[in-house]
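*Asks:* Sequence and predicted structure, then a few things I'm wondering about:
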Amino acid sequence: MKLSREEVIHIATLARLGMSEADIEKAREQLSNILENFEVLKEVDTTNIPPTAQSINLQNIMREDVPADSLKAEDVLANAPDREDDFFKLRAVLDFD
Amino acid sequence: MRKNDLFKLTIHEANELLKSREISSVELTRSCLDRIEQVDSKVKALITVTGETALKQAELADERIARGNARLLTGIPAIIKDNMCTKGIRTTCSSKMLEKFVPPYNATVISKLNDAGMVLIGKSNMDEYAMGSSTENSAFFTTHNPWDLECVPGGSSGGSAAGVAAGEALFALGSDTGGSIRQPAGFCNVTGLKPTYGRVSRYGLVAFASSLDQIGPFTKDALDCALVMNVISGHDPCDSTSVPEPVPDYTKGLAGDLKGMKIGIPREYFVEGMQSGVESTMRAAIKKLSELGAEIDLDVSLPSTRLALAVYYIIAPSEASANLARYDGSKYGFSYKDTDSMWEAMEKTKQFGFGAEVKRRIMLGTYALSAGYYDAYYLKAQKVRTLIRREFDAAFKKYDALVTPTSPTVPFKIGEKADNPVQMYLSDVCTLPINIAGVPAISIPAGFSAGLPVGMQIIGKPFSEPTLFKISHAFQQATDWHRQTAGL
């Protein structure tokens, strides 16, 4: 079963991943091939088998909320694509026009 | 030993010579830098060579040795995979996305190695975001296998493996999510360990699949591997998945034969499509373990092994799709600017910042986590993950270790699998189950097939690294595969 064009575009939108027409066609092909290899799991009986999210027995690690040194704003902003004063400068998320 | 041959030393050999002041760290570092100058244009293991800072660190190491407070890795040149943050030194993840990223802090493993006196000699090439098995997914260039320059070094930590195999440093760090330390170690004839999940802090490691990722060493032998683990292991308050188990001295208890050791050989790892040369090399290596006193059981079955590939390629891309959502061009990394719309900028940032394999996995993971498919893919994979873990748990009630080939084939040619993702994924078929279960495994040189290295994977229960080192060390005392070096 090959993924439809619409399905690929839907996934790309969820991932906020831009794609060219050629990318979409290639993704249909390759993702479908990979998904076929997942069919093997359908035959496995997992009734009453709990899921494993991670392999260690640690949960909810807590610590005292003690202030400590953190990075200087200048260091944190050193890699910023765009900044203004001590802030990351972003485009408007909401468009009010 | 001639001063310009110092790059050939192991860490433990170099330690002795540094301690007795027969050599200096500056001489050792120069030897590695000369070696890089001589061979790295062919091998292309390194993205960044930090020659100047390396020599400064070496001078400081020599002063420290003179003061008598050297530690085990003081003055030892090392290569670090380019997905671990090094303060002030570019950390690219072999991605256009992070091509100019200079971290403002050190990963915990780097801080620990710095405290020990490591000399950082360079940052190594890898598959972009550690996704791949050949380094062909690097956005910059492909690393070549020192044993045959037309072959891949394996991946994703291919630069680290090839760098140690080529003598560019005495050890390296890599990361292993589905085999990314062990497979290249096997392909390049070096020793590579994926520690127990949680044994080594991942703070400052660029996240790929958080329930699977683990940092570990590449070295020239098992003793060196133990030495590096002594330094990098342990709990870290900055990584809540690091386990607060005490760290033993891994260099203790290596000596002696393997009498009383029970080793199982799971038949599912001798898979269809396995090269006959790999199989015969493995059979000979297993015979050697038996001669060393280990009790070998060839009648072991882990039937869920065949499901590991599917489980891995659902879980790892799912986690990756969440982890990589952060590369939106706002805080650091590549940022597409030539548009007025925020959403379009974000989409184009990812489209042009990530390479094909990374985008493929983001798509795959997003699909597996999306409404309507979550139960069928992600949740199902997590349940099968439980079955795979239980089989390992049961096996380790009977055996001290399991032994398998590290890969079903010797190194393949550059370009051979580059356009076929499923074929490429299959090259990790023997290593993926180990990350799924979270157990430790080491790959050590087992011999050669048609002149190319074959790796033997030794798997243990959680926190059984000492057992893996003991078996590896005994094997390496009785064989000299690991001492053979590529003629470059």
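*Replies:* Yep, that arrived. Numbering: from 1, shown residues only, chains lettered A, B, ... in the order given.
*Asks:* looking at chain B, which residue lies furthest from center?
*Replies:* Most distant from the centre of chain B: residue B:340, at 41.9 Å, with distances by Cα atoms, centre = their mean.
*Asks:* how close does it get to chain A?
*Replies:* 8 Å (Cβ to the nearest Cβ, to the nearest Å). All C-beta atoms are positioned from the backbone trio N, CA, C, and that covers glycine.
*Asks:* repeat for residue B:4
*Replies:* 39 Å.
*Asks:* quick one: contacts for residue B:90?
*Replies:* By Cβ atoms under 8 Å, 6 or more residues apart in numbering or on different chains, the contact set of residue B:90 is B:47-48, B:100-102, B:123.
*Asks:* quick check, nearest of those to residue B:129?
*Replies:* Comparing these against residue B:129 with Cβ to Cβ places residue B:101 closest, at 12.5 Å.
*Asks:* Please give me every residue in contact with the residue farthest from the centre of chain B.
*Replies:* So residue B:340 contacts residue A:91 (Cβ under 8 Å, 6+ apart).
*Asks:* That one should be in a helix, yeah?
*Replies:* No: if the criterion is DSSP: H, G, I helix; E, B strand; the rest coil, then residue B:340 is coil and not within a helix.
*Asks:* one step back: redo the contacts of residue B:90 as JSON lines? Include distance to residue B:277, neighbour count and secondary structure.
*Replies:* Listed next are these as JSON lines, based on distance: Cβ to Cβ, whole Å; neighbours: other Cβ atoms under 10 Å in any protein chain shown; DSSP: H, G, I helix; E, B strand; the rest coil:
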{"residue": "B:47", "distance to residue B:277": "33", "neighbour count": "23", "secondary structure": "strand"}
{"residue": "B:48", "distance to residue B:277": "36", "neighbour count": "18", "secondary structure": "strand"}
{"residue": "B:100", "distance to residue B:277": "44", "neighbour count": "12", "secondary structure": "coil"}
{"residue": "B:101", "distance to residue B:277": "42", "neighbour count": "19", "secondary structure": "coil"}
{"residue": "B:102", "distance to residue B:277": "45", "neighbour count": "17", "secondary structure": "coil"}
{"residue": "B:123", "distance to residue B:277": "34", "neighbour count": "26", "secondary structure": "strand"}
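*Asks:* can you list those in JSON lines and add distance to residue B:377 and pLDDT?
*Replies:* Listed next are these as JSON lines, based on distance: Cβ to Cβ, whole Å; pLDDT from 0 to 100:
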{"residue": "B:47", "distance to residue B:377": "35", "pLDDT": "98"}
{"residue": "B:48", "distance to residue B:377": "38", "pLDDT": "98"}
{"residue": "B:100", "distance to residue B:377": "36", "pLDDT": "97"}
{"residue": "B:101", "distance to residue B:377": "32", "pLDDT": "98"}
{"residue": "B:102", "distance to residue B:377": "38", "pLDDT": "98"}
{"residue": "B:123", "distance to residue B:377": "35", "pLDDT": "98"}
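*Asks:* Closest one to chain A out of those residues, please.
*Replies:* Checking the contacts of residue B:90 against chain A with Cβ to the nearest Cβ, the nearest one is residue B:101 at 5.7 Å.
*Asks:* For that closest one, give me its contacts.
*Replies:* A:79, B:90-93, B:332-333.
*Asks:* I figured residue B:209 hits residue B:316, correct?
*Replies:* Yes: under the criterion of Cβ atoms under 8 Å, residue B:209 is in contact with residue B:316, at a separation of 4.1 Å.
*Asks:* Does chain A have contacts with stretch B:388-395?
*Replies:* Yes: interface with chain A: stretch B:388-395 contributes residue B:389 (Cβ under 8 Å from any Cβ of the partner chain).
*Asks:* what's in contact with that stretch?
*Replies:* Taking Cβ under 8 Å, 6+ apart as the rule, stretch B:388-395 contacts A:52, A:55, B:264, B:266, B:300, B:302-305, B:307-308, B:311, B:402, B:433, B:436-439, B:459, B:461.
*Asks:* try 10 Å
*Replies:* The contact list for stretch B:388-395 (Cβ atoms under 10 Å, 6 or more residues apart in numbering or on different chains) reads A:49, A:52, A:55, B:264, B:266, B:268, B:297, B:300-305, B:307-308, B:311-312, B:401-402, B:432-434, B:436-439, B:459-462.
*Asks:* ok, then the element right after the helix or strand bottoming out on mean pLDDT in chain B?
*Replies:* Of all helical and strand segments in chain B, the minimum by mean pLDDT, DSSP states H and E falls on helix B:421-426, at a mean of 83. From helix B:421-426 onward toward the C-terminus, using DSSP states H and E, the following helix or strand is helix B:432-437.
*Asks:* for that next one, packing partners?
*Replies:* helix B:182-188, helix B:308-323, helix B:380-398, strand B:401-405, strand B:441-449, strand B:452-459 (3 or more Cβ pairs under 10 Å, 6 or more residues apart in numbering or on different chains; DSSP states H and E).
*Asks:* And the residue nearest the centre of chain B?
*Replies:* The centre of chain B sits closest to residue B:181, judged by Cα atoms, centre = their mean, with a distance of 2.1 Å.
*Asks:* Which strand or helix spans residue B:154?
*Replies:* Using DSSP H and E, residue B:154 maps to neither a helix nor a strand.
*Asks:* give me every residue that touches it.
*Replies:* Residue B:154 neighbours (Cβ under 10 Å, 6+ apart): B:127, B:132-135, B:143, B:145, B:161-162, B:179-188, B:192, B:406-407, B:411-412, B:427-428, B:443, B:453, B:455.
*Asks:* quick one: contacts for residue 65?
*Replies:* Let's take chain A. Residue A:65 makes no contacts at all, as judged by Cβ under 10 Å, 6+ apart.
*Asks:* that's the wrong chain, I wanted chain B
*Replies:* B:15, B:18-21, B:24-25, B:71, B:74-75, B:117.
*Asks:* Buried residues, the host helix or strand of it. List them.
*Replies:* When elements are assigned from DSSP H and E, residue B:65 belongs to helix B:51-67. Neighbour-count burial for helix B:51-67 flags B:51, B:54-55, B:57-59, B:61-62, B:64-65 (criterion: 16 or more other Cβ atoms under 10 Å in any protein chain shown).
*Asks:* List the strands paired with the helix or strand following it, with their directions.
*Replies:* The helix or strand immediately downstream of helix B:51-67 is strand B:77-81, counting by DSSP H and E. Next to strand B:77-81 in the sheet, as set by DSSP bridges, lie strand B:119-124 (parallel), strand B:171-176 (parallel).
*Asks:* tell me how far strand B:77-81 is from the chain's mean position?
*Replies:* Strand B:77-81 sits 12 Å away from the centroid of its parent chain (Cα atoms, centre = their mean, to the nearest Å).
*Asks:* That one to helix B:51-67, inter-axis angle?
*Replies:* Going by axes from the mean of the first three to the mean of the last three Cα atoms, to 10 degrees, strand B:77-81 is angled at 130 degrees with respect to helix B:51-67.
*Asks:* same question for strand B:77-81, mean pLDDT?
*Replies:* Averaging pLDDT along strand B:77-81 yields 98.
*Asks:* quick one: is whichever helix or strand comes after that strand near chain A?
*Replies:* Using DSSP H and E, the helix or strand that follows strand B:77-81 towards the C-terminus is helix B:108-116. No: Helix B:108-116 is not in contact with chain A by Cβ under 10 Å from any Cβ of the partner chain; minimum separation 14.1 Å.
*Asks:* Summarise which helices and strands helix B:108-116 is packed against.
*Replies:* Judged by 3+ Cβ pairs under 10 Å, 6+ apart, helix B:108-116 is in contact with strand B:77-81, strand B:119-124, strand B:171-176, strand B:214-219, helix B:222-232.
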